[in-house]
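J.: just to be clear, the model below is a prediction. Sequence and coordinates:
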Amino acid sequence: METNLEADLKELRQVFNSGKTKESSWRISQLHGLLHMLEDREGDISMALKQDLGKHHVEAYRDEIGTVVKSVNYALKNLKQWMAGKKASLPVAAFPSKAELLPEPLGVVLIISSWNFPIGLSLEPMIGAIAAGNAVVLKPSELASSCSSVLAETIRDYLDNSAVKVIEGGSAIGERLLQHKFDKIFFTGSTKVGRCVMSAAAQHLTPVTLELGGKCPAVVDSFSSSRDSSIAAKRIIWGKFGACAGQACIGIDYILTEKKNASNLVEIFKKYITQCYGDGPKGFHNMSNIINKKHFSRLKNLLDEPGLDLRLFMVVCWMKRACKYIGPTILVDPPLDAAIMTEEIFGPLLPVITLERIEESIEFIRARPKPLALYAFTDNENFQKRLISETSSGSIMFNDVILQYAVDTLPFGGVGESGFGRYHGKYSFENFSHDKVVFIRSFLIDFWFRYPPWDDKKLQL
Ligand code: NAD
């Protein structure tokens, strides 16, 4: 269907200028609309996630539908407080006057999202954009086509379509959208496309938030308690393979551990992989599939390089619709210049890199681009402190994975090549707002020395 993009953008601009979206009643009604949409159409959304990514409905609810419901409820609970001006203190010289920071919406904003969490990564920023009173264009990823259609259809049915629009399509539509002026662009996707977005935004001086990817390491120290080391291994398997089969921006990309621990660690990994996913394709319904043939081949090519030590290599299969799975795969010490160690993996392949001493992990991480997330499993407080102070990443989490994404009170975002800008909870509201300085002066006092003609006496006052 030909999109009448220019007419849509014109309408959004008119509606924003009318002041409708600034009203708190509009914001609240749209957030309730999102809630109703997620409740009434949960089955359709879950089905779309199944069609695009083979997500089990439990995973679909945990990672996407349920997470968004939680975030909408949090925004509804806190909206009044977020919208209130923040009183600012002023110097005595400004007496008598008052000042505050008053959040105002930015205008018409564009959200471009990716395919791996196609519902969550579209709606999570939209909550912030609506809560802050903006008119919104969402362009979902064409690669998760069922989710893109279900978003277009349900948003049209449940939200105010004059102020919130879904424009479907691939890179060509993305490029067309970027030619227009927006008041904010919120982009989730690859570093490569992030650069294009930023350079297009520069033409209009539009501020951007870039939620990008990269390689997230997990440092695994040795534990004195076998229970702790067992829980650590289980959480790693859960975080690597259980969140969209490793197609997650904050999923673990590779492990760093001491040589003496590696064999034992791989054995525990194998145990938990079998426990969670069985030992063959039958258990794969608990894991998402690879999004498409291109990504399937990309991942297979990563494994086709010579000299890889595959310790666990589950079935890899591609048959048109029926099976696009790659089973959990573990490799020990692939060459550091192999593609699997230089490119973001974004799939269920887990390299384990061995080091003589765990402290070497700090230098290993520092020598590479700053990750979106860094994970470390260790109970050594000194080592924890060193990792915090000597490495840089969007977030650092000890002894667990991924959970930082689901906490409304924590900002989510990258640093360096993993992106910039942050969102979730209040940070989403702030991302789509401008804190306007409102400074109100009184006529009560008017100092004579502020006005020319100048003389040195006025400097002394
Ligand atoms: P992508 O960059 O290929 O596509 C992202 C979006 O941009 C899609 O909607 C796509 O249609 C659009 N697009 C593509 N080319 C465009 C162009 N030239 N102009 C305008 N829009 C264009 O990324 P992807 O394959 O969808 O997602 C995978 C990447 O995203 C990975 O690197 C992953 O780490 C990253 N990611 C980051 C986060 C995060 O929160 N930081 C979350 C999910 C994914």
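T.: Great, that's in hand.
J.: make it CA atoms for all contacts and neighbour counts henceforth
T.: Will do.
J.: can you pull the residues of this protein lying near the ligand?
T.: 112-115, 140-142, 170-171, 174-175, 188-190, 193, 211-214, 249 (C-alpha under 6 Å from any ligand atom).
J.: the residues you listed, buried ones only, as a ChimeraX selection?
T.: Those of those that count as buried under 16 or more other C-alpha atoms under 10 Å are selected in ChimeraX with:
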select :112,113,114,115,140,141,142,174,188,189,190,211,212,213,214,249
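J.: so of the residues of the chain next to the ligand, which ones are in strands?
T.: 112, 188, 211 (DSSP state E).
J.: of these, closest to the ligand?
T.: In terms of C-alpha to the nearest ligand atom, no member of these lies closer to the ligand than residue 211, at 3.6 Å.
J.: excluding its backbone neighbours, what's nearest the residue nearest in space to the middle of the chain?
T.: The residue lying closest to the centre of the chain (C-alpha atoms, centre = their mean) is residue 211, at 5.6 Å. What sits nearest to residue 211 in space, not counting adjacent residues and going by C-alpha to C-alpha, 6 or more residues apart in numbering, is residue 188, at 4.6 Å.
J.: now swap in residue 79 and tell me
T.: residue 131 (6.8 Å).
J.: you'd agree that neighbour is up against residue 27?
T.: Yes. With contact defined as C-alpha atoms under 8 Å, residue 131 counts as touching residue 27 (5.5 Å).
J.: which one of those two has more residues nearby?
T.: Neighbour count, other C-alpha atoms under 10 Å: between residue 131 and residue 27, residue 131 has more, with 32 against 22.
J.: for that one, grab phi and psi.
T.: phi -60, psi -30 (degrees, to the nearest 10).
J.: can you tell me how far residue 147 is from the ligand?
T.: Distance, residue 147 to the ligand, by C-alpha to the nearest ligand atom, to the nearest Å: 12 Å.
J.: is that residue in a helix, a strand, or coil?
T.: Following DSSP: H, G, I helix; E, B strand; the rest coil, the label given to residue 147 is helix.
J.: quick one: contacts for it?
T.: The contact partners of residue 147, taken as C-alpha atoms under 8 Å, 6 or more residues apart in numbering, are 45, 48-49, 52, 118-119.
J.: again, but for residue 105
T.: 22, 132-134, 432-434.
J.: rerun that using 6 Å as the cut-off
T.: Residues in contact with residue 105 (C-alpha atoms under 6 Å, 6 or more residues apart in numbering) are 132-134, 433.
J.: for those, pick the one with the most neighbours.
T.: residue 134 (32 neighbours).
J.: pull out the buried positions in stretch 159-175.
T.: 159-169, 174.
J.: what is the mean pLDDT for it?
T.: Confidence for stretch 159-175, expressed as mean pLDDT, is 98.
J.: mind checking the end-to-end distance for it?
T.: 26 Å (C-alpha to C-alpha, to the nearest Å).
J.: list of residues touching that stretch?
T.: 12, 30, 33, 135-139, 142, 152.
J.: 8 Å instead, please
T.: With contacts defined as C-alpha under 8 Å, 6+ apart, stretch 159-175 is touched by 3, 5, 8, 11-12, 15-16, 21, 30, 33-34, 112, 135-142, 148-149, 151-152, 155-156.
J.: so which of those residues belong to strands?
T.: 112, 135-139.
J.: and residue 107, how far is that from residue 21?
T.: 9 Å.
J.: intersection of neighbour lists for those two?
T.: Common neighbours of residue 107 and residue 21 (C-alpha under 8 Å, 6+ apart) are 133-135.
J.: let's have those in CSV, adding distance to residue 370.
T.: Output for these, formatted as CSV (distance: C-alpha to C-alpha, whole Å):
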residue, distance to residue 370
133, 33
134, 32
135, 33
